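**Student:** what follows is a predicted protein model with its sequence.
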Amino acid sequence: MSPWLLALHSSTPVLGVAALDVDDPLDSRRLITQPAGRGLTNSLLGAVQDVLPAACWPSIARLGVAIGPGGFTGTRLTVVMARTLAQQLDCPLDGVSSFALMASRLAREAPLASPQEPFWIVQDLPRRGQVGGVYRLRPDDRVEELQVPHLLEEGAQPSPALTMAENVAEDVGRLLDLCLLAHRRQEPAPWHEVLPIYPTSPVGVV
């Protein structure tokens, strides 16, 4: 059976799942998005099997997962599933922040004066403040994450800044493309190093 790649994204209320056959990456490409929200616990497994049946899982050669920032439960569920599969299959796992996945898309939709200079992606959180990360586009269209998304100090005004905007279909597709590139380059990606990003603690101050 041909090797498969699987990508998962649930850092928003919309779940994205994508997969492809490494030997036929164009024609085999599969991608779905669907509302998830609080029902993700019950719908995640079925959605993944809709894209890649469980009988194909032993042939997964590499996985990718969006690690947030996002909702605590949604992000955690796909990260746990991806880590578990990667551990059991002994395959690489690429963990990529949801901001890094959207960086080139946002820069394309709202062109920057100097797109290869560092820029911020920011998100306002109700009653929590503002989350931001710093990115730079490379000439090969890959993205450098210079600062992981984190909670900004009150009153911070990062610049230049683009506002976070969701497009799960495009972003999970990009995650799958990154997996394919990493697979072809045989880049290491230990599963145990992949953890969710929680800019604000889900359990409050400890």
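**Tutor:** Looks like it came in fine.

**Student:** so where is the chain shaky, pLDDT-wise?
**Tutor:** Low-confidence segments of the chain (pLDDT under 70): 113, 115, 201-206.

**Student:** what's the domain layout of it?
**Tutor:** Domains of the chain are assigned by automatic domain parsing as 4-97+166-193, 99-163.

**Student:** off-centre distance for the last one?
**Tutor:** Centroid separation for domain 99-163 versus its chain: 15 Å, with C-alpha atoms, centre = their mean, to the nearest Å.

**Student:** repeat for the longest one
**Tutor:** Put simply, domain 4-97+166-193 sits 8 Å off its chain's centre (C-alpha atoms, centre = their mean).

**Student:** end to end, how far does it reach?
**Tutor:** For domain 4-97+166-193, the first-to-last residue distance is 22 Å (C-alpha to C-alpha, to the nearest Å).

**Student:** what's the answer for stretch 52-63, then?
**Tutor:** 12 Å.

**Student:** how about that stretch: buried residues?
**Tutor:** Of the residues in stretch 52-63, 52, 56, 60, 62-63 count as buried by neighbour count, 16 or more other C-beta atoms under 10 Å. For the C-beta atoms, the positions are set from N, CA and C on the backbone; glycine is no exception.

**Student:** stretch 119-135 now?
**Tutor:** For stretch 119-135, by 16+ other C-beta under 10 Å, it's 119-123, 129-135.
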